[in-house]
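Participant: Fold the following, please.
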Amino acid sequence: MSSYTGEVEVGGPVDVRELPGLTITKIATNPFNNNCYLLRDTATGDTLLVDAAGDPDRLLEALGDGTLIGIVTTHGHWDHWQGLDAVVQATGAPVLATAADAGELPVPVDRFLADGDTVTVGAHTLEARTIAGHTPGSVSLFYPQEGGHLFTGDCLFPGGVGNTEKDAKRFASLLDDVETKLFGRCPDSTWVYPGHGGDTTLGAERPSLAEWRERGW
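Facilitator: Model prediction:
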């Protein structure tokens, strides 16, 4: 049985989940206790980074002898890309993000992600789900194998969706997309890896969707 818990701290050890042929490494980084994730194909060493949020030296150390084949930036908020420029300079890896959030990033985007696009890491394929509300163009990545694994950035956390600054229209958009594209397309067994804090599952959060909509955040 895996010892993975998803509980990490800035400056503390990484947490590693071993799936068949794919390793997920979770790292907490500055500036705001952001979560970064390295997804590595164990056969090829090909590795995808989800959010170069900070501490680029630590991210590169965790990459080790892997080959960084891409960096997905989940959204344009600055705390999620503080390490992006340094990691790109060190590795030459292409940057993937949505067109709507690309203008916020400190480096050019090499590939624009749209809803339904796929991202491959060696033999493994993840599906992009675009979510509007927290930012105009946030993106989540869904790996459908082994019960489902979902990297949500700041769109979904344990206990609710991301911050929409009390804007009712943005909140409705965010929750609509989260309900339709995440809860509506993924099983309850899906493990959720958010942009900050601990992990959860869709099954644990699904009963609260109506409560979230009623409270408005």
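Participant: quick one: the residue nearest to the spatial centre of the chain from residue 38, how far?
Facilitator: The centroid of the chain falls nearest to residue 151 when counting by C-alpha atoms, centre = their mean (3.5 Å). Counting by C-beta to C-beta, to the nearest Å, the separation of residue 151 from residue 38 is 11 Å. The way it works is simple: take the backbone N, C-alpha and C, and place the C-beta from them, glycine included.
Participant: quick revisit: what confidence value was assigned to the residue nearest to the centre of the chain?
Facilitator: At residue 151, the predicted lDDT confidence score is 98.
Participant: and residue 50, how many neighbours?
Facilitator: Using other C-beta atoms under 10 Å, residue 50 has 29 other residues around it.
Participant: so where's the longest helix in this structure?
Facilitator: In the chain, taking DSSP state H as the definition, the longest helix is helix 168-177.
Participant: So which bits of that helix are buried?
Facilitator: Buried positions in helix 168-177, judged by neighbour count with 16 or more other C-beta atoms under 10 Å: 170-171, 173-175, 177.
Participant: for those residues, which one is nearest residue 120?
Facilitator: Distance ranking of those against residue 120, using C-beta to C-beta, places residue 177 first at 23.8 Å.
Participant: what's near enough to touch the closest one?
Facilitator: Residues in contact with residue 177, defined by C-beta atoms under 8 Å, 6 or more residues apart in numbering, are 129-133, 155.
Participant: What of residue 155?
Facilitator: Contacts here follow C-beta under 8 Å, 6+ apart; on that basis residue 155 touches 74-75, 131, 133-134, 138, 140, 161-162, 174, 177-178, 182.
Participant: can you tell me which of those are in helices?
Facilitator: Judged by DSSP H, the subset of the contacts of residue 155 located in helices is 174, 177.
Participant: Between all of the contacts of residue 155, which two are separated the most?
Facilitator: Longest distance between any two of the contacts of residue 155 is 14.7 Å, between 75 and 182; criterion C-beta to C-beta.
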